[in-house]
Structures are given as C-alpha cells and as structure tokens.
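A.B. asks: Got a sequence here, can you build the structure:
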Amino acid sequence: MFLILFLLGLSIIGALDLGQFAVNRPEKASPTTEYYEVRFIILSKVDNEPINKAEVQFIFDGAPEPRFTNDDGYVGIDIPKRNDIDVVIKRKGFKDLSRRINLEVDPDRTIIYYLEPNEKELSYNLNTNYKEGDLIKSTITEHTQSRWGDKKDYTSLNETRTLQTEVLILEIEGAEPSKFIEKTLLDQTLLSSELVGQYQNVYRTYNYNFAEKGIFDSTSILCEKQKGVWSRKLINVTPNTEQAKELNRSWNWADDYQYSYPNYRVKLGDSWDVFRYGGGLLENIALKNSSLQARLIEITEYEGEKSAKVAVKGTFELGTFIPNYDIYQTKIKLINKTFTAFFKDLAFDIFLDTIADSIHNGDFQFILSLKERSEQLYKKVADIYSIVHKNPQKLTLAEIRKKVANSVIPSDFWGSDEKLLESLESEAASYFQDLQDQGHFAEGKFDVEGEVYRSLDTPIDLYSKTYFSSTIRSADEISDGVITEFTLTQRAYINRRE
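C.D. replies: You can find the predicted model right below:
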C-alpha cells in the first residue's frame, strides 16, 4: 500500500508544471523594463521647514508601498514606467494630502509638496528670543476712569497716559537682553476731572484739565546687567533728583518687559495662569487671589505678521507693591494740581457767596472789613452794596450773587498772598492722602478681560487691549462707592536685522 501511494505521488508531481505556481515566487523584471525615479521633498506650509517621518504612500498595481521622509523631508522610489501614480502623504499634526502625478509630464523630477498644519494638533512657542540689533518700537496708552461718592456728591477723574519708546538691544545673555538703550520719545499724562458737591448749602460743579510730562520724557537710558545686577543711567544728561531716585531703584528686565507666557509650547485652546500682566505699567505688583488666565484662541495675522490671538479673563487682587516712581510722581503732581485748583476755586466761590449774603442782609461791617484785604476790593463791593440798597426794587440773593461774580475777580481775593496759596496746596495734598488712607485708591478686586495679538516670529505683543474694572461699595451700596475702570492698549513691532 505504501509503495502504491509513493508512486502515485511521484506521478502527480511529474504531471504538474511548477511554473504555474509563479505567484509564490518573485517575478523577475525583464531586462528591458524602464523605471521612473519618483522623488519628493515635503515641507511645512507654515514655515517652509522640512517634515521628517512623513508617511508617503505610492499607489500602483496593488497595495500601497509606504516610504518615510528623512530629516531633510526627502523620500524617493523607483517604479516601473507608467502614465501616472497616486500618492498619499500623512503626518501627525498635518492634514493628509492626496495627489495624482502624471509621470509622462513630470519624469525624473523632484517634486515639492507643502503640508497644511492641523491647527488643533499643532503647538506654538510664544516665548521666542530677542536678537542683538532688535529695535522695539512701542506705543502704550493707559486710560483710567475713577469715580467715588454718590449720585449728587462725587469726584470723577479721567486720566490718559501716552508712552512712546524705542528699545535697541545691544547684547544678549541666555534668553534675555543684558544690555539695551531705552529711548522715551513721549511720556505725557492728561487728567480731566469733575468735582460735584454741596458746599455751604449750594451744589457746585468744578471741571479741570491738566497735563504733565513724565520725568524721563525725551531722554535715553542705558540699561545693563553686570554680575546679575541691573543698572540704569541717563545718556549724556545729569539726572535731576526725581530721575536719580527712579534710576537708583531696584530694577530688572522682567519689571518692564517680561510678559506672562508659558515656557512650553501651547496648542489652540490651551490655557495658562497669568502671574503678571501689562509689563511696565503694572510693574512690581504681586497679584493675589488671582483667577486670571490666558487662552490661545486663534492663529491669525495682525498687520501682515503671523500672530497668536490670546484671550485674557479673570479676576485678581492687588498685593503689596513698590510703586513705579516716575509714574507715581506724575500722578501725584496731577492730583495735587487738580485739588489745589479745586480748593482755590471753592474758597473763592464761598467768598463771593459771603459777600452776596452780607450785601443782601445789609451787613456793612463785613464790607468794611474788606479794606484789610484790598482797597480795590472794598470799593468794588461797596459800589454793589450802594446800588442794591438804593434800588427801590429789592434784588434777590441770586441777582446780587451774579453782580458780585461779574465784578470781583480771583486776584482781588488772593492778591499776592503766597502763604495762602501754599496752604491750599498743602491742604490738597493732605486731602489726597486722606483718600488714600481711607482706601479710595487702594483698589481691591479687579475684573479683567482683554485680547492680545502675540507675534510668532518675534518676542513682542503686536497689539493688546485689556479692560480692568473694580467697584468697592459701602454698606448702603451707593455712597462712598469707588468705581475704577482702566483700559490698557499697546501697539509694538520690531525692526530686525537678519
């Protein structure tokens, strides 16, 4: 039986043509077969950088044959001559790309393809580095509105500061500049105010507009870090007392120029905590009880430059801080000017009311006492007294007040009394200090909302606008409430020598 089976097997094998089983062995190419060398370079559409490890599927005659790009973004394959070939290119973080290549038109040629990023998976570095020679031009506008009091008696201040600077980076150490020149082209603050209240049983309204230049307006400062310590000095100018005090203050680069961006790459939708905001205008301020967060919401263009759009929102409270002396001094000067003018005008108006009351009541003794202040003043008031009391038709107090106001001028009241003026300035400063002591200018909780366009190529915010608001209410919800609104806008760009 075994022999029969053995012979039968031999007969079957001998009857088969083994060439019919070619599917189980490689096909030998004909010596006359022609090949095309198909070559690609794959680049990112964002920055033209090569994309490595991109999977390139060449589809022809059967299943795709995948290849992967090298570090230069290059990949190639030899395929038998044909009319066309389909290609699919894939890479994580980028959108798939499918193409049909006409090999008769594009034989033996390196083709460049650009992959478009998948924004949801792509990450971005918001902390690019400065370079030596960078010239940073910036305009910052700070607008503050404050109001305290009730509906009838209140003080309202509207302050706008404009700061234009140019910063030339001279030396770099690590990731930040170690030497630069800061030129202040303009530093000016405008303050308009309205004071409304009942004084001597009369409601009065006072409006003022004052301007003050910053102490470094139209100057240049050399800032340099040596052995880890920053120093600042005016260029070609001897500093005055105010300037010297600010220049000698402890300072570092981060105070004015370090913004709150993460030191890792972020994707669309990512959020991070903000530990400081606004650079120099809020320097040295420690935020406490902060829920302030920034979030990357869009990759876009701002004035032709590729940018990350960042939204900022949340709340914070002010901790202890060392005031920026030059900004603080400017504010103090403007406040003192305002309240000095207010006390001066109020005193004069009350004086006019006292004169009108004396005339109306026939109190000539008070009129006589005016001689001690000024003979000219006495004559003006005596003339009005005479006209009023000789008039058969009795004038009202308001009509008498109008006559007095049309005749008596401030110089009649103040004369050359410099001591009185000095006392008013002192009283204004004291009033302002009382407001600070009572907490009117020590704002507590701030609500914050803003947006920033951050350059992806240079380490600056091209544009930012942030709205801060704070309300402190008393027990009755209205009186002595302090409402502060603060809007910070910045525009900047870099002239970079490549």
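
A.B. asks: Let me see the ranges of the helices in this structure.
C.D. replies: 2-15, 241-247, 253-257, 325-361, 364-369, 375-390, 397-407, 410-414, 418-437 (DSSP state H).

A.B. asks: what's the least confident stretch among those helices?
C.D. replies: Mean pLDDT across these is lowest at helix 2-15; the value there is a mean of 35.

A.B. asks: So Lys380 is in contact with Val408, correct?
C.D. replies: Yes. Lys380 is in contact with Val408 according to C-beta atoms under 8 Å; the separation is 5.8 Å. In short, each C-beta sits where N, CA and C put it, glycine included.

A.B. asks: quick one, which of the two is more surrounded?
C.D. replies: Val408 (22 against 18; other C-beta atoms under 10 Å).

A.B. asks: Tell me the backbone dihedrals of the more buried one, please.
C.D. replies: With angles defined as degrees, to the nearest 10, Val408 sits at phi -90, psi 130.

A.B. asks: you'd agree it is up against Asp353?
C.D. replies: No. Val408 is not in contact with Asp353 according to C-beta under 8 Å; the separation is 11.3 Å.

A.B. asks: and the nearest residue to Lys445 once chain neighbours are set aside, how many neighbours?
C.D. replies: Once flanking residues are discounted, Lys445 sits nearest to Glu317: 5.2 Å by C-beta to C-beta, 6 or more residues apart in numbering. Counted with other C-beta under 10 Å, the neighbours of Glu317 add up to 14.

A.B. asks: How is this protein partitioned into domains?
C.D. replies: If you go by automatic domain parsing, the domain ranges for the chain are 19-118, 124-332+429-495.

A.B. asks: Next up, the contacts around Leu456.
C.D. replies: 124-126, 128, 299, 306-308 (C-beta atoms under 8 Å, 6 or more residues apart in numbering).

A.B. asks: Could you dump those into TSV and include distance to Tyr36, pLDDT and neighbour count?
C.D. replies: Converted to TSV, the contacts of Leu456 look like this (distance: C-beta to C-beta, whole Å; pLDDT from 0 to 100; neighbours: other C-beta atoms under 10 Å):
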residue	distance to Tyr36	pLDDT	neighbour count
Tyr124	39	87	18
Asn125	40	88	15
Leu126	45	89	23
Thr128	43	81	16
Ile299	38	90	16
Lys306	38	90	14
Ser307	43	93	21
Ala308	43	93	23
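
A.B. asks: among the helices and strands of this structure, which has the poorest mean pLDDT?
C.D. replies: helix 2-15 (a mean of 35; mean pLDDT, DSSP states H and E).

A.B. asks: Val88 pairs with what?
C.D. replies: Here Val88 sits in beta bridges with Gln57, Ser98, as judged by DSSP bridges.

A.B. asks: Was I right to think it contacts Ser98?
C.D. replies: Yes. Using C-beta under 8 Å, Val88 is in contact with Ser98, at 5.1 Å.

A.B. asks: Please say which of the two ends up with more neighbours.
C.D. replies: Ranked by neighbour count (other C-beta under 10 Å), Val88 and Ser98 place Val88 first, with 15 against 11.

A.B. asks: Please report the distance of the more buried one from Glu49.
C.D. replies: 21 Å (C-beta to C-beta, to the nearest Å).

A.B. asks: circling back to that earlier point, tabulate the contacts of Leu456 (CSV), appending distance to Leu234.
C.D. replies: Shown next, in CSV, are the contacts of Leu456 (distance: C-beta to C-beta, whole Å):
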residue, distance to Leu234
Tyr124, 39
Asn125, 36
Leu126, 33
Thr128, 31
Ile299, 42
Lys306, 37
Ser307, 35
Ala308, 36
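
A.B. asks: Quick check: the farthest pair among those residues?
C.D. replies: Thr128 and Ile299 (14.5 Å; C-beta to C-beta).

A.B. asks: Please name the residues that touch Leu170.
C.D. replies: 132, 177, 179-181.

A.B. asks: which of the residues in stretch 42-57 are buried?
C.D. replies: Residues 42-44, 46, 51, 54-57 are the ones in stretch 42-57 that count as buried (16 or more other C-beta atoms under 10 Å).

A.B. asks: Stretch 82-99 now?
C.D. replies: Buried, per 16+ other C-beta under 10 Å, within stretch 82-99: 85, 87, 89, 91, 94, 97.

A.B. asks: One more: stretch 201-216?
C.D. replies: 204, 206, 208, 210, 212, 214-216.

A.B. asks: ok, those vs Pro66, which is closest?
C.D. replies: When those are compared against Pro66 (criterion: C-beta to C-beta), the nearest one is Phe216, at 63.2 Å.

A.B. asks: Tell me how many other residues crowd the residue nearest to the closest one when sequence neighbours are not counted.
C.D. replies: The shortest distance from Phe216 to any non-neighbouring residue, by C-beta to C-beta, 6+ apart, is to Thr184 (4.8 Å). For Thr184, the number of neighbouring residues by other C-beta under 10 Å comes to 19.

A.B. asks: Tell me who's in contact with Thr184.
C.D. replies: Thr184 makes contacts with 163-165, 214, 216-221, as judged by C-beta under 8 Å, 6+ apart.

A.B. asks: hey, what's it bridged with?
C.D. replies: With DSSP bridges as the rule, Thr184 is bridged to Thr165, Thr219.

A.B. asks: and the gap between it and Leu103?
C.D. replies: 64 Å.

A.B. asks: Ok, Lys465 next?
C.D. replies: 55 Å.

A.B. asks: Kindly indicate which of the buried residues of stretch 82-99 lies nearest Ile332.
C.D. replies: Nearest member of these to Ile332, counting by C-beta to C-beta, is Phe94, at 56.6 Å.

A.B. asks: I'd say the closest one and Glu49 touch.
C.D. replies: No. Phe94 is beyond contact range of Glu49, at 11.8 Å (criterion: C-beta under 8 Å).
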